[in-house]
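The amino acid sequence is not available; the structure is as follows:
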C-alpha cells in the first residue's frame, strides 16, 4: 500500500494547509476538496503521517501509531503466552483505565452480537402450506399478527410442523425473535404449544413458551447457516408472523479479530436499519474534541492512485487499511464506488475513500455503491472474542468463551439437545 513519505515534510504540511471544506446547508456529510499540489503519482495522503507531523511541530514527545510492530523472538523469550500478547500491545492500550476499558468493551460487544439480518431474499421453506400462508411471509419485515393483513405463515395440521431459512453463509448467531399469530380460530392457538429454535439441526433454544400474538427474543449462542423453528406438538398448525435472526457473518468476525491483533482497532462495516450499505451519518462530537463545532464530519480524501482529472482512487479493502493505520483523531471512513471508470478484466472496483473525523458515526444512510466503516477500539483481552469467532459450525460459542452474559433478560445458559 502506497503512503506518503515523511522526508519531504514541506509537501505534507502543504497538503494539510490546502484542504478546503465546503459545508452544505442541508446535508449529513461534508464535502472536501483536497488540492494535491506536489503529490507524487500513486502515493497516498496518510492521516497517520499528517498527525505525526502536526505533533512534531507542537513539540509532542510521543507519536500516536495504530499499527503494532512485531518483535523479535529474543525480545519475548521466556515470557508466557499472556505476557507475550501484552508485550505486543500498543502503549495507549496498556495505559487505559479500567473505566475506559469497560466503555470499550461495551462498544465492542455489539460488533460480535451482530445485527438483525435482512432475510427477505433468503430461501425460506416450511413443512407444508395452506390458505396462502407461504414461508416467505415470516421474513417480509412485517410483524403484524392479524391474519387478514397477509403477513403470517400457515402450515397444515401435522405432527411437529416446521419453518426454516437458509442464511447462505455461516453466521455467529446471538438471538432469534419469533412473532406468532394474534387472532385465531381454535384451541390450537389459545393453547400455544412450545417451540424450539434449531441451528444446523441442533436446538439452540428448546421449548420456548408463547402467548397469543406474542413476540419473544430467544437467546441463541450458536454458529451455523440454517435456522429452523419447530412446533413441539404431535399434531398442530404452525403460524409465524415474523422471524428475525441476530448475528454476524463468521468470516467478518475472524477478519475483525485479525485486525485487532495487528492494529488494536478494527473496521466495522456499518449498515442501514434494513441491512443495506450506505453513507455514514454523523453522531455526537468525538470524545475530547473541543475544536469541531460543525454539525457533521471533517473529511480527508485518501487513495493509492491518481486517475485522469487528478482525483485519488482506491479499492474498498485499501480504504479499510487507510482507516486501520490512521491515528486516533479518525472515527471512520466512507468508500463510494465510481462506476464511470473503465475496469480491466479481473480488476477490483475503485472509488473515493474519505476518512472521517470530528464526529462519532451513528449509523448509515442507504446509498448505492457506498460502504461505511466505523473504527472500533479492541479490548485488551481478546481471547474470549477470538474463541467465539473460531467456534466451529454446528456448535455453541457460549461454552467456547465461558460467557455468562444475558441477552435481553434471557440467560445464555440453557438445555441443549440434538434433534432426531
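Everything's here; your move. None of the values given here were measured: they were computed from a predicted structure.

Where do the strands of the stretch 301-420 of the chain begin and end?
305-307, 311-313, 330-337, 351-357, 359-366, 370-377, 406-407, 410-411, 417-418 (DSSP state E, counting those that start in this stretch).

Using JSON lines, please lay out those strands together with distance to residue 235.
The way it works is simple: take the backbone N, C-alpha and C, and place the C-beta from them, glycine included. Listed next are those as JSON lines, based on distance: least, Cβ to Cβ, whole Å:
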{"stretch": "strand 305-307", "distance to residue 235": "66"}
{"stretch": "strand 311-313", "distance to residue 235": "62"}
{"stretch": "strand 330-337", "distance to residue 235": "53"}
{"stretch": "strand 351-357", "distance to residue 235": "56"}
{"stretch": "strand 359-366", "distance to residue 235": "45"}
{"stretch": "strand 370-377", "distance to residue 235": "49"}
{"stretch": "strand 406-407", "distance to residue 235": "33"}
{"stretch": "strand 410-411", "distance to residue 235": "29"}
{"stretch": "strand 417-418", "distance to residue 235": "21"}
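
Relative to residue 229, which of these is closest?
strand 417-418 (15.2 Å; Cβ to Cβ).

pLDDT averaged over the closest one, what's the number?
Strand 417-418 carries an average pLDDT of 34.

where in the chain is pLDDT low?
1-94, 185-191, 288-294, 340-347, 400-420 (pLDDT under 70).

For the closest residue to residue 271 other than its chain neighbours, the count of nearby residues, please.
The shortest distance from residue 271 to any non-neighbouring residue, by Cβ to Cβ, 6 or more residues apart in numbering, is to residue 364 (5.8 Å). Per other Cβ atoms under 10 Å, the neighbour tally for residue 364 reads 23.

Just tell me which of the strands of the stretch 301-420 of the chain ends up closest to residue 395.
strand 417-418 (11.8 Å).

where along the chain do the helices fall?
Here the chain has its helices, by DSSP state H, at 9-16, 47-57, 73-76, 81-87, 91-94, 98-113, 187-190, 250-263, 316-324, 383-389, 397-401.

Could you list every helix and strand in contact with the longest one?
In this case it means helix 98-113. strand 162-180, strand 240-249, strand 370-377, helix 383-389 (3 or more Cβ pairs under 8 Å, 6 or more residues apart in numbering; DSSP states H and E).

Now mean neighbour count and distance to residue 277 too, for these, in a markdown table please.
As requested, the helices and strands packed on helix 98-113 are exported to a markdown table (neighbours: other Cβ atoms under 10 Å; distance: least, Cβ to Cβ, whole Å):
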| stretch | mean neighbour count | distance to residue 277 |
| --- | --- | --- |
| strand 162-180 | 21 | 16 |
| strand 240-249 | 22 | 14 |
| strand 370-377 | 23 | 5 |
| helix 383-389 | 18 | 22 |
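
Tell me which of the ones you listed approaches residue 107 most closely.
Among the helices and strands packed on helix 98-113, strand 370-377 sits nearest to residue 107 (Cβ to Cβ), with 6.4 Å.

residues making contact with that closest one?
Defining contact as Cβ atoms under 8 Å, 6 or more residues apart in numbering, one finds that strand 370-377 is touched by 104, 107-108, 111, 264-271, 277-280, 316, 319-320, 323-324, 326, 330-337, 361, 364.

per-domain residue ranges of this protein.
10-58+77-88+265-377, 124-250+412-418 (automatic domain parsing).

Of those domains, which stretch is the most buried?
Highest mean neighbour count of the domains of the chain: domain 124-250+412-418, a mean of 19 (counted as mean count of other Cβ atoms under 10 Å).

Stretch 135-145 spans what distance, first to last residue?
15 Å (Cα to Cα, to the nearest Å).

Numbering from 36 from now on, please.
Got it, first residue is 36 now, which makes that one stretch 170-180.

State the distance from the nearest residue to residue 268 once chain neighbours are set aside to residue 169.
Spatial nearest neighbour of residue 268, chain neighbours left out: residue 228 (4.0 Å); criterion: Cβ to Cβ, 6+ apart. Separation of residue 228 from residue 169 (Cβ to Cβ, to the nearest Å): 22 Å.

One more: residue 187?
For residue 187, the distance to residue 169 equals 10 Å [Cβ to Cβ].

do residue 255 as well
On the measure of Cβ to Cβ, residue 255 and residue 169 end up 24 Å apart.
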